[in-house]
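In: Generate a structure from the sequence data that follows.
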Amino acid sequence: MKKNLTFEEEKRKEFLYVLFNALFVCTCIVFVLNFLGEALADKIYAVMSPNSSDLGDNLLRAFILAAALVGPFAIYAKKSDISFSNMFIPKRKSPLFFVFGTLCVVGISVPTVVLSDKLFGLLGKFGYVLHEHLPYDFDSLPSNLVSMILVSLLSAASGEIVFRGIITERFRRANTGLGLLLAAVIAMGFSGSLVKMPYILISGIILSWLYMKTSSLYVTFTAALVRDLAIYSLYLYGESLAPYMTVICIACLAVAVISGVILILRYGIRTVYPAPRDDDDEYLRLSAKESVKGLFTSFAFWIFFFGSIFTILFFYLSNPMIVGP
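Out: Presented below is the predicted three-dimensional model:
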């Protein structure tokens, strides 16, 4: 027998439907735009190649992917009553967040990416090949520095506007835990790389926590920028640093733990969120059960989920290479 829903229940059900499906429709659009962006970059670079360089190709790809990410979510932010100007008005300006927040994010990201690289690299023993999109290694240090700084700036700026300024801000109104996890999980799905997924997830949760504490994109942008520069440097100079990598990872992990403990002791681990407003559906609070149910009943969530798996299986991870006798 079908249950008759009250007006309030119907309104809440509609709120959940709009909340999750609107978000994941945007993620699916960005997913498609990433593919189109790569194809567009290839075509543009093919035309420009006689008078272009690998540096130009690197920056072109970074710009197209950043624009593809921000565009759909900018529309989503407008529909969700999120002001871009408010993103850049920090509620808390303590330099401790800049310093220890950055140290914590970078400190946890470096050993995580090194460990995941070695762990997933073991798949090579079973005949699998990981198709990592590594940054160009130019002949000159100035070219490497220019590429590293500009690509990291584009990546950090677009990522923080979308994942912290829009997604975390939007969903912390409904549920704090959801605001912490959702942006990190979506960013992880966009990466399309088994090696990158662990550090993007872990550092993303920390970045969302920093944003909830400060309501400042300046803090999270600084941490994300330094993180991206550090990871970029690892890809470029990892072989040279290989003899010292164990020491570097242990030191980074120690710095991350100490920085995190200092922030927690000083400001507490609980996050900050806007007070609920009964007259505005946008500020309805969701329980953990409602959040999980709403997430898994979102049709677009499953499109994004299976799209991420499809990308890894068919574009990132090659079929096993069987060697005959």
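In: any idea how far residue 108 is from residue 139?
Out: Distance of residue 108 to residue 139, computed by Cβ to Cβ, to the nearest Å: 33 Å. (Each C-beta comes from the backbone N, C-alpha and C, glycine too.)
In: ok, residue 28 to residue 34 distance?
Out: 11 Å.
In: ok, now residue 96?
Out: Counting by Cβ to Cβ, the gap from residue 96 to residue 34 is 36 Å.
In: Those two: which is more packed in?
Out: residue 34 (17 against 14; other Cβ atoms under 10 Å).
In: ranges for the helices of the stretch 201-325 of the chain?
Out: 217-241, 245-267, 288-296, 299-311 (DSSP state H, counting those that start in this stretch).
In: Report the buried residues of the third one.
Out: By neighbour count, and taking 16 or more other Cβ atoms under 10 Å as the criterion, the buried residues in helix 288-296 are 290-291, 294-295.
In: Point out where the stretch 1-150 of the chain drops to low pLDDT.
Out: 1-5, 7-8, 45-53, 90-93 (pLDDT under 70).
In: Quick one: the helices in it, in order.
Out: Counting by DSSP H, counting those that start in this stretch, the helices of the stretch 1-150 of the chain are 7-48, 54-79, 84-87, 95-121, 141-159.
In: so of those helices, which one's packed in deepest?
Out: When the helices of the stretch 1-150 of the chain are scored by mean count of other Cβ atoms under 10 Å, the highest mean neighbour count falls to helix 95-121 (a mean of 20).
In: Measure how far it is from the centre of its chain, please.
Out: Helix 95-121 sits 14 Å away from the centroid of its parent chain (Cα atoms, centre = their mean, to the nearest Å).
In: related to what we said a few turns ago, just name the closest of the buried residues of helix 288-296 to residue 63, please.
Out: residue 295 (31.8 Å; Cβ to Cβ).
In: How much space separates residue 216 from residue 159?
Out: With Cβ to Cβ as the criterion, residue 216 and residue 159 are 15 Å apart.
In: contacting residues for residue 42?
Out: Applying Cβ atoms under 8 Å, 6 or more residues apart in numbering to residue 42 gives no contacts.
In: For it, give its distance to residue 66.
Out: For residue 42 relative to residue 66 (Cβ to Cβ), the value is 17 Å.
In: before we move on, what about residue 30?
Out: 11 Å.
In: Ok, residue 159 next?
Out: Counting by Cβ to Cβ, the gap from residue 159 to residue 66 is 8 Å.
In: Any stretches of the stretch 201-325 of the chain with poor pLDDT?
Out: Looking at the stretch 201-325 of the chain by pLDDT under 70, you get 273-283, 319-325.
In: try 90 this time
Out: The stretch 201-325 of the chain contains residues with pLDDT under 90 at 214-216, 235-242, 270-300, 307, 310-325.
In: Return the set of buried residues in stretch 227-246.
Out: 227-236, 245.
In: Who are the contact partners of residue 133?
Out: Residue 133 sits in contact with residue 193, where contact means Cβ under 8 Å, 6+ apart.
In: Now do it against residue 61, distance only.
Out: 9 Å.
In: ditto for residue 82
Out: Residue 82 is 28 Å from residue 61, by Cβ to Cβ.
In: now residue 291
Out: Noted for residue 291: a distance of 35 Å to residue 61, by Cβ to Cβ.
In: for residue 19, same thing?
Out: Remark: distance between residue 19 and residue 61 (Cβ to Cβ) = 32 Å.
In: go on, residue 116?
Out: To residue 61, residue 116 is 23 Å away according to Cβ to Cβ.
In: Equivalent analysis for residue 71, please.
Out: 16 Å.
In: Skipping adjacent residues, who's closest to residue 94 in space?
Out: Sequence neighbours aside, residue 214 is the residue nearest to residue 94 in space, at 7.8 Å (criterion: Cβ to Cβ, 6 or more residues apart in numbering).
In: Just to check, the one you found is in contact with residue 96?
Out: No. Using Cβ atoms under 8 Å, residue 214 is not in contact with residue 96; the gap is 10.1 Å.
In: rewinding a little: redo the buried residues of stretch 227-246 as JSON lines? Include distance to residue 307.
Out: Formatted as JSON lines, those follow (distance: Cβ to Cβ, whole Å):
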{"residue": "227", "distance to residue 307": "26"}
{"residue": "228", "distance to residue 307": "24"}
{"residue": "229", "distance to residue 307": "29"}
{"residue": "230", "distance to residue 307": "29"}
{"residue": "231", "distance to residue 307": "24"}
{"residue": "232", "distance to residue 307": "26"}
{"residue": "233", "distance to residue 307": "31"}
{"residue": "234", "distance to residue 307": "28"}
{"residue": "235", "distance to residue 307": "25"}
{"residue": "236", "distance to residue 307": "30"}
{"residue": "245", "distance to residue 307": "34"}
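In: which pair in these spans the largest distance?
Out: The widest separation within those (Cβ to Cβ) is 18.9 Å, between 228 and 245.
In: Neighbours of residue 308, how many?
Out: 20.
In: Quick check, it in contact with residue 187.
Out: No. Contact status for residue 308 versus residue 187: not in contact, 11.3 Å apart, counting by Cβ under 8 Å.
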